[in-house]
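**Q** I need the structure of the sequence given here:
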Amino acid sequence: MKILCVIDSFGSGGAQRQMIGLAIGLKKRGHHVELFNYLPHYDFYRSDIIQAGVVIHECIKKSKFSLRPVFTLLKLLKKQNYDIALSFLTVPNIFLELAHLLTLKTTIIASERSNHQGTKSLPFHRFLHVLSSHVVVNSRNHQQWLIKNHSYIKNKLTVIYNGVDLEKFNFSQPRMKEKCNLNLLTVGRIGVEKNILNVVRALIIFYQKYEWVPRLDLVGRNDESPKGLKYLQEIRLLLNQNPEVKSKVRFLGQRNDVHLLIRDYDALLHPSLYEGLPNAICEALSSGRPVLASNVCDNGILIEDGKRGFLFEPKSPASIQGAMQRFCSMGQTYYEEMCSNSRSYAEESLSYDKMVNSFETLFYSFKKSSPNQKS
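**A** Here you go, the predicted structure:
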């Protein structure tokens, strides 16, 4: 099949990672795959795309309300005779659906990659899904919300979980767990929705109770928006007021070696206020590391409280602290069992192969209904 994948950029975000992984996976299966983006200065994954031999198309979106990507996509859809065009994220979905409206050529599929709390509020954007042949979401929670609130698309909704490179994020032997030497890692942009401020508050409660505190390392870029910078300032101020906790917290910045880094930690801490399906959780499970996570979206399915980690209420520092304490109190045997459960679940439910299979099956279901399209 000839497939066009549409994304905003090749940056380091979760949706971008999934789109690039899918495009490369489809290419390896013999499909002709092309990628379109309109923010080319974010190029974290560009070298991977070039190495895989995936064709790149791009234009530069010069202003917030520019429709230049729509007209560039329109030209591609008219000239290239794609069997399928797939978009990830709200704005790319809008651009592809509008381009399709102007040509009505090519089967198009839109994919929402965050849940309703995290999706930008554009009044008409979901109505445009009537132009798509299908809509993919990456969590059951979001699927149920869409069915309840946008019933006109309920018959063309499919859940496809994110994929993980199981070879890259491979199982590493569990650390020898020490009660007063707990090492936690968070992975994600340092912004309001990632909820690090409440984690710091939880660490303060922990120290007040036990006179020691787990080590916490944070991997991810800072949110450079005014709101994000103000939030980061609040975090640093609170840490400065609590030097015992501050000495145990490190900001490591953006890293491209998380698959190696995770081996040095006892667990992943993922405290987000909302999510789609978190790549960081999937990757930690694949590496055989339990996860302490917010009880939001599909985290309950991914974690299954007590089996592959522990859940907490993200707005409650006391609940976050309680999950940390439950984890600290586990014996080594229980911990090793939890590590093994994590990897087994990832192998069964979160592989790239499973994700690529699911998209490929969906694509072929439309190709079969359009026998005149070229392979």
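**Q** just for the stretch 251-375 of the chain, where's the confidence low?
**A** For the stretch 251-375 of the chain, the stretches with pLDDT under 70 are 368-375.
**Q** 80 instead, please
**A** Scanning the stretch 251-375 of the chain with the threshold set as pLDDT under 80 gives 367-375.
**Q** what are the ranges of the helices in it?
**A** Assigned by DSSP state H, counting those that start in this stretch, the helices in the stretch 251-375 of the chain fall at 258-261, 279-286, 299-303, 317-329, 332-349, 352-368.
**Q** Equivalent analysis for the stretch 51-200 of the chain, please.
**A** Using DSSP H, counting those that start in this stretch, helices in the stretch 51-200 of the chain cover 68-80, 90-103, 140-149, 196-210.
**Q** out of those helices, nearest to Arg255?
**A** Among the helices of the stretch 51-200 of the chain, helix 196-210 comes nearest to Arg255, with 16.4 Å by CB to CB. Yep, even glycine has a C-beta here, placed from its N, CA and C like the rest.
**Q** Specify the next element, helix or strand, located C-terminal of that closest one.
**A** Using DSSP states H and E, the next helix or strand after helix 196-210 towards the C-terminus is strand 215-219.
**Q** Can you list the strands that that next one pairs with?
**A** Paired strands of strand 215-219, with direction, are strand 183-187 (parallel), strand 249-253 (parallel) (DSSP bridges).
**Q** Let's see it as PDB, backbone CA atoms only.
**A** In PDB, the C-alpha atoms belonging to strand 215-219 read as follows (Å, rounded to 0.1, in the frame of the first residue of the first chain):
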ATOM      1  CA  ARG A 215      15.800   9.900  45.200                       C
ATOM      2  CA  LEU A 216      13.800  11.400  42.200                       C
ATOM      3  CA  ASP A 217      15.400  12.200  38.800                       C
ATOM      4  CA  LEU A 218      13.300  14.000  36.200                       C
ATOM      5  CA  VAL A 219      14.000  13.500  32.500                       C
END
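**Q** could you give me the average pLDDT of that strand?
**A** What strand 215-219 shows for mean pLDDT is 97.
**Q** one step back: wait, which of the strands paired with strand 215-219 is closest to Glu224?
**A** With CB to CB as the criterion, Glu224 lies closest to strand 249-253 of those, at 12.9 Å.
**Q** quick one on the thing from earlier: as JSON lines, the helices of the stretch 251-375 of the chain with distance to Gly25 and mean neighbour count would be great.
**A** Formatted as JSON lines, the helices of the stretch 251-375 of the chain follow (distance: least, CB to CB, whole Å; neighbours: other CB atoms under 10 Å):
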{"stretch": "helix 258-261", "distance to Gly25": "17", "mean neighbour count": "17"}
{"stretch": "helix 279-286", "distance to Gly25": "15", "mean neighbour count": "26"}
{"stretch": "helix 299-303", "distance to Gly25": "21", "mean neighbour count": "21"}
{"stretch": "helix 317-329", "distance to Gly25": "34", "mean neighbour count": "19"}
{"stretch": "helix 332-349", "distance to Gly25": "16", "mean neighbour count": "17"}
{"stretch": "helix 352-368", "distance to Gly25": "4", "mean neighbour count": "16"}
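**Q** nearest to Gly163, of those?
**A** Taking the helices of the stretch 251-375 of the chain one by one with CB to CB, helix 352-368 is closest: 3.2 Å.
**Q** Show me what that closest one packs onto, helices and strands only.
**A** For helix 352-368, the packing partners by 3 or more CB pairs under 8 Å, 6 or more residues apart in numbering; DSSP states H and E come out as helix 14-28, strand 84-88, strand 107-112, strand 134-137.
**Q** Point out where the stretch 1-150 of the chain drops to low pLDDT.
**A** Residues of the stretch 1-150 of the chain that meet the cut-off, pLDDT under 80, sit at 114-124.
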